[in-house]
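Colleague: Let's see this in three dimensions:
(one chain, ligands or ions: 1)
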Amino acid sequence: MVDTAAGLKNRSDTRLRIAAVGMHGLRDMLEQLAPEYAHRADILIIDKGYEQAVQSVQALLRQDGVDAVVSAGSNGSYLRAHLPVPVATVRAGGFDLMELLAHAARQTRSLAMVVHGQIPEGLRALVSEFSLPVHLLSYQDEDQAKTCVQRLQDLGVEVVLAPGLVVDLARAVGLQAVLLYSPAAVRAAMEDGIEMARAARAEAARHDRLRAMLGHLRDGVLAVDVHDRVYALNPSMLNVVNLQEADLLGQVLHEVQPELSLQAILRSGKPELEKVQQIMGRTLVVTRLPIIEQGQLNGAVLVCQDPAAIQRVDRSLRSRRSRTGKATRYTLDDLIGHSDVMQSLRAVAHAYARSSATALIVGESGTGKELLAQGVHNASARHAQPFIAVNCGAFPESLLESELFGYVEGAFTGSSRGGKIGLFEAAHTGTLFLDEIGELPLALQTRLLRVLQEKEVLRIGAIEPTPLDVRVIAATHQNLELLVEQGRFRQDLYYRLNILVLKLPPLRQRLEDLPALMQHLQQKLAHDLGLDATSQASLFHALLRLGVGYAWPGNIRELENIVERVLVLGMAGLLTKEQQLSQIVPELYDRQAEGGGEWQVRQHQDEQRLLEAVLAECGGNREQAAKKLGISRSTLWRRLNRST
Ligand SMILES: Nc1ncnc2c1ncn2[C@@H]1O[C@H](COP(=O)(O)OP(=O)(O)OP(=O)(O)O)[C@@H](O)[C@H]1O
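Modeller: Residues are numbered from 1 along each chain as shown. Prediction:
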């Protein structure tokens, strides 16, 4: 952070130190008056002018420090311009000056008064009002002071009232000169100096505290004054903007770093809270605040937060508050099936995992939509972040709204204290799986569209939206286009969702995957149930045979249920013979469930693909293939012939 009080080392517990700078007459007066202030400050008298005086004060600053300087005239102005500490100057004027003037006018008719800088208007008025016989002259620097003395001689002035420098020059050419500064004016300057020193000490202490505080902050902080000039910043801010302190400190912010500009705040005096902004190629959460002191706008502060840091805190809060986040179990490797359609689906799913765009999974119930969604999430860069699944058809509208979007405290009667985060927020940085999206009521479709477009969520009853980074994967078993036509699904939302589409085929269209699926489910369930399934090989052969001729309306979930049923009953000794299968899995025997003529035709095609797949797997060995399918060699031969 900038050291505004450059001359102040950490001396908050030591005595104030005042450098009193003056030569000749002023020096004498300073020496005379210094003991009066000995109990309040160390007064260090410097009998030098201009550059030499600056060097002496700087040497003191380097040693034990100086809190303030007291000086007068052009020397005082010079010191003020060249030193980093406050400078109090002796001011000649007012009643004090009138008294001096009246006193001198009584002694001579040829009087002059010389002042440093502008001749005060009051002095001019006084001279003309009382018709005082006084020449008024002024000077800015040493050269002008010499010219001034020359002029005094030309005018035939006998007595001159002037600052120390002119007094010396005048006396050197034989003029009678009186120091312009009265003891009262010098005392007033000493008082000013002590007051300034005290204020500077307090400021330095405040500054140190602030610096220590800002140094510990992880957020980048920067402050500007009313003129947009940077006067404070911390190391974190330099990290954020990747700049050196000198690039910003003392600079006009909007000129050197327009992206950070605080001008709007300096104009409006209104805060701008937590805006997500790109700064130096980084996404940051930026807050801009006005600095208002005693009702006056005195500057502005910029706070830059790294969203990753916020998210870490946020996530731990969310995980404490939300128990809804499900652990994912599946990867894309768990999506069993070697059929062409499944192979290309897996490849497309891997490609979609690389994107963060909204994805839509279409498939009948039980085809593995959630498995696929989890697989995409786990193959994506978000895999370590939450995966949250919600079934849009499982809640009444009002409940679903608060589940999805959350609410603020007092949003409605009965709302919990402190409000509640919605599933969108709970899935922040991760994936939200919206199952049965076709069931989403129209009003919520509008809200969902807003979230997808704006990437921010507005809790029920809230005014400020919360920025959000969630990948949405929606799923449906319905024909969304048809729902759009019927006015039950928003067309714009449909187009938003219909970007990356994954179509899961029903099991009956990929019966060649049946053996692998059945084997996988058998092993998985046996493992889950702690059973040994190897003894049931013949039962499963029979099951596979039956399955090939079945329409599987419940798809893989149905297959899973049947496999489980056979496994459990078989192990319990209640199912020992193939013949008993008709009682255990009657659906596989029920021709009604096959769904009519069209299915029959497709079923034969599927059967053909299954036979060919198994045959290929066994390298054309019909005996092995028949064994695998649980049918006799002759049946296999017959079926292959029937298909051709
Ligand atoms: N290709 C597959 N490979 C292995 N298991 C699968 C496959 N597809 C689905 N499953 C299993 O089938 C069951 C149902 O899958 P999932 O819940 O993902 O289906 P869904 O389409 O989301 O169902 P619904 O639409 O009824 O919610 C799960 O236990 C899943 O593990």
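
Colleague: ok, which stretches of the stretch 51-200 of the chain are strands?
Modeller: 68-72, 87-90, 111-116, 134-139, 159-162, 176-179 (DSSP state E, counting those that start in this stretch).

Colleague: For those strands, give me JSON lines that also has mean neighbour count.
Modeller: For the C-beta atoms, the positions are set from N, CA and C on the backbone; glycine is no exception. What follows is these, written out as JSON lines (neighbours: other C-beta atoms under 10 Å):
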{"stretch": "strand 68-72", "mean neighbour count": "29"}
{"stretch": "strand 87-90", "mean neighbour count": "24"}
{"stretch": "strand 111-116", "mean neighbour count": "24"}
{"stretch": "strand 134-139", "mean neighbour count": "19"}
{"stretch": "strand 159-162", "mean neighbour count": "26"}
{"stretch": "strand 176-179", "mean neighbour count": "21"}
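
Colleague: Those: which one's closest to the ligand?
Modeller: Across the strands of the stretch 51-200 of the chain, the ligand has its closest neighbour in strand 68-72 (77.6 Å, C-beta to the nearest ligand atom).

Colleague: surely residue 146 meets residue 172?
Modeller: No: between residue 146 and residue 172 there is no contact under C-beta atoms under 8 Å: 10.0 Å.

Colleague: Look at the two and report which has more neighbours.
Modeller: Each of residue 146 and residue 172 has its neighbours counted (other C-beta atoms under 10 Å); residue 146 has more, 15 against 10.

Colleague: what's the residue lying closest to that one once chain neighbours are set aside in contact with, if anything?
Modeller: Leaving aside its chain neighbours, residue 146 sits nearest to residue 169 (6.1 Å; criterion: C-beta to C-beta, 6 or more residues apart in numbering). With contact set as C-beta atoms under 8 Å, 6 or more residues apart in numbering, residue 169 has these partners: 145-146, 148-149.

Colleague: mind checking how far the residue in the chain that the ligand sits nearest to is from residue 357?
Modeller: Here the chain gets closest to the ligand at one residue, residue 368, 2.4 Å apart by C-beta to the nearest ligand atom. In this view, residue 368 and residue 357 are 21 Å apart by C-beta to C-beta, to the nearest Å.

Colleague: Which one's more surrounded, these two?
Modeller: Taking neighbours as other C-beta under 10 Å, residue 368 and residue 357 compare with residue 368 leading, 25 against 11.

Colleague: thought that one was touching residue 345?
Modeller: No: between residue 368 and residue 345 there is no contact under C-beta under 8 Å: 9.7 Å.

Colleague: Need the overlap of contacts for those two.
Modeller: Common neighbours of residue 368 and residue 345 (C-beta under 8 Å, 6+ apart) are 335, 504.

Colleague: can you pull up the bridge partners for residue 284?
Modeller: On the basis of DSSP bridges, residue 284 is bridged to residue 277.

Colleague: from what I can see it touches residue 275, true?
Modeller: No: the criterion here is C-beta under 8 Å, and residue 284 misses it with residue 275 at 9.2 Å.

Colleague: So which residues on this structure come close to the ligand?
Modeller: 334-337, 363, 365-371, 435, 477, 517, 520, 556-557, 560 (C-beta under 6 Å from any ligand atom).

Colleague: Please say which of residue 284 and residue 275 ends up with more neighbours.
Modeller: residue 284 (22 against 11).

Colleague: Okay, the more buried one and residue 356: tell me how far apart.
Modeller: 19 Å.

Colleague: the strands in the stretch 251-400 of the chain, which residues?
Modeller: 272-279, 282-293, 296-305, 359-363, 387-391.

Colleague: And the contacts of the first one?
Modeller: Read that as strand 272-279. 240-241, 259-260, 264-265, 283-289, 304, 307, 464, 467.

Colleague: Now which of those would you call buried?
Modeller: 240-241, 260, 265, 284-289, 304, 307, 467 (16 or more other C-beta atoms under 10 Å).

Colleague: Arrange the residues you listed in TSV, one row each, with distance to residue 165 and pLDDT as further columns.
Modeller: Shown next, in TSV, are the buried ones among the contacts of strand 272-279 (distance: C-beta to C-beta, whole Å; pLDDT from 0 to 100):
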residue	distance to residue 165	pLDDT
240	51	81
241	48	82
260	47	90
265	47	92
284	56	82
285	59	82
286	54	87
287	53	87
288	50	91
289	49	88
304	52	87
307	62	69
467	65	89
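
Colleague: coming back round to it: where's the residue nearest to residue 146 relative to residue 29, distance?
Modeller: 18 Å.

Colleague: ok, now residue 258?
Modeller: Taken as C-beta to C-beta, the span from residue 258 to residue 29 is 53 Å.

Colleague: Please say which of these two ends up with more neighbours.
Modeller: Taking neighbours as other C-beta under 10 Å, residue 258 and residue 29 compare with residue 29 leading, 22 against 9.
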